[in-house]
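Chemist: Predicted model and sequence below, questions to follow.
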Amino acid sequence: MNKLIAGNWKMNGSLAANEALLAALAQGLGQPGCDVAVCVPAPYLAQVQALCAATPSLAALTWGAQDVSAHASGAYTGEISAAMLKDFGCRYAIVGHSERRQYHGETDAQVADKAKAALAAGITPIVCVGETLAEREAGHTEEVVKRQLAAVIHTNGHCISEIVVAYEPVWAIGTGKTATPEQAQAVHAVLRAQIKAATEHFSRVKILYGGSMNAANAASLLVQPDIDGGLIGGAALKAADFLTIIAAARG
Ligand code: 13P
């Protein structure tokens, strides 16, 4: 299985900055030897789609959104449906990022519904799970990530073979504190076992690690048996760093 390196630009960028970043990525991407995606702010999906179409050296780059509505259409001011994302060529949509769970009160059930809406439109949801520092210190890491994933499995049944999971310990996001390869691998193994119990096609499901993954630590994380790629925040905004991580995923 190819590894997947996905950038999460979060609420960063501008028309000019995105163009410069993609131009710099185009210099080094080539045949990446792994799957590569950028999840960009929704207003820039059209720009990213157009630049990828116009730039042969970005042929390997796919793109996605950072959230998706659980609803198909209607009176949901400010929301963006999966069908709309599909119109702009999205391959992926992040769902249940801890920043949305924390700041927007998204529940496990809502995250599961968002994953379902994405799947129905042919978009691969990147389902984020992860514990807070308090939960880890209380010894609840496994219980938390299993509960978060169980909701997605419950709502999506056999379709969960089509999702991507991202383990993102909340305490490691944007803090420079990465989980050690051993800490990450231990949680990934738990998630793998849970997926294995839920679908015979478990081997299709990639489990990414996210949380201060960078050019220096990516290789040691990506070599772990159950780490199938990375969901990269800050380091995805720097072309050289993102390309180094992509190279590390080539194996
Ligand atoms: P950082 O890589 O900036 O820690 O962010 C990780 C993340 O939240 C990716 O979704």
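Modeler: Nice, thanks for sending it over.
Chemist: For the host helix or strand of Tyr209, name the packing helices and strands.
Modeler: Per DSSP states H and E: Tyr209 is located in strand 206-210. Applying 3 or more C-beta pairs under 8 Å, 6 or more residues apart in numbering; DSSP states H and E, one finds that strand 206-210 makes contact with strand 4-8, strand 164-167, helix 181-198, strand 229-232. Heads up, the C-betas are built off the backbone N, CA and C, glycines and all.
Chemist: count of neighbours near Tyr76?
Modeler: Tyr76 has 12 neighbours, counted by other C-beta atoms under 10 Å.
Chemist: Check Leu29 too.
Modeler: Counted with other C-beta under 10 Å, Leu29 comes out at 20.
Chemist: what sits against the closest residue to the ligand within the stretch 1-150 of the chain?
Modeler: Proximity of the stretch 1-150 of the chain to the ligand (C-beta to the nearest ligand atom) peaks at Asn8, 3.6 Å away. Shown in contact with Asn8 (C-beta atoms under 8 Å, 6 or more residues apart in numbering): 39, 66, 94, 97, 210, 231-233, 236.
Chemist: closest to Ala115 out of the helices and strands packed on strand 206-210?
Modeler: strand 164-167 (10.0 Å; C-beta to C-beta).
Chemist: is any part of that closest one close to the ligand?
Modeler: No: Strand 164-167 does not reach the ligand (C-beta under 6 Å from any ligand atom); its nearest approach is 6.8 Å.
Chemist: circling back: and the contacts of Asn8 near the ligand, which?
Modeler: 97, 210, 231-233.
Chemist: Which members of those are the farthest-apart pair?
Modeler: Within these, His97 and Ile232 form the most distant pair, 12.8 Å apart (C-beta to C-beta).
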